[in-house]
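S.K.: Everything below, folded, please.
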Amino acid sequence: MLELAILGFLADGPLHGHELRRRVTQLSGYTRPVSDGSLYPAINRLTKAGLLERHTEPGAGAARYVLSLTEAGRTEMLKRLREPADHEITDFTRFFTILAFLSQLPDVTEQHAVLRRRLDFLEAPASFFYDGDRPLRAENVADPYRRGMLLTARAISRAERTWLREVLGEADPGAARPGDGPVTLDEHAS
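M.R.: This is a model prediction of the structure:
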């Protein structure tokens, strides 16, 4: 996902290495800080693969490099956005990296195909905890910390599913309709 973030930010235009690092760090957040030991080797791999170009900035005292995306880099970025691996769809942080650059795909149908995969994943019964093969809901867990995990995950999942349905132009199956009584969603554990 580090490489996708690099390609994605450079798709917006050339950047100095330090500015690219700042943007990647802000995207990944404090939970996954980007070190020079991971960023610069990734830049070097992408440059050797012909996906990035590195130019020395004219007139700079110390050597300052400007990085830019090549046409091959743009093609690779679009491929990664069109065809994310399953673990990139199911992992929250990885999916957010995809989401940050999904608008780079020029075809809304392709964008929606990726969002549909995420929605399908979120709608499958799942939990952090199981009783045999049955996912446990927060209401079935006595441990207050595990229950807190499940309640938090449920709220995040509910908000994300609502947003995904809105973007995909689908009606929320839990939305109230005129004449209906109170509606309860059959919430999954997560």
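S.K.: Remind me which helix or strand residue 146 belongs to.
M.R.: If you go by DSSP states H and E, residue 146 is part of helix 144-168.
S.K.: and residue 81, how many neighbours does it have?
M.R.: 23 (other Cβ atoms under 10 Å). Backbone N, C-alpha and C define where each C-beta goes, glycine included.
S.K.: three-state assignment of it?
M.R.: At residue 81 the chain is in helix, as set by DSSP: H, G, I helix; E, B strand; the rest coil.
S.K.: got a list of what the nearest residue to residue 103 once chain neighbours are set aside touches?
M.R.: Leaving aside its chain neighbours, residue 103 sits nearest to residue 111 (7.2 Å; criterion: Cβ to Cβ, 6 or more residues apart in numbering). Taking Cβ atoms under 8 Å, 6 or more residues apart in numbering, we find residue 111 in contact with 102, 103, 105.
S.K.: Filter those down to the buried ones.
M.R.: By neighbour count, with 16 or more other Cβ atoms under 10 Å, the contacts of residue 111 hold 102, 105 as buried.
S.K.: May I see the contacts of residue 111 arranged in JSON lines, with pLDDT, distance to residue 90 and secondary structure as well?
M.R.: Converted to JSON lines, those look like this (pLDDT from 0 to 100; distance: Cβ to Cβ, whole Å; DSSP: H, G, I helix; E, B strand; the rest coil):
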{"residue": "102", "pLDDT": "97", "distance to residue 90": "16", "secondary structure": "helix"}
{"residue": "103", "pLDDT": "96", "distance to residue 90": "22", "secondary structure": "helix"}
{"residue": "105", "pLDDT": "97", "distance to residue 90": "20", "secondary structure": "coil"}
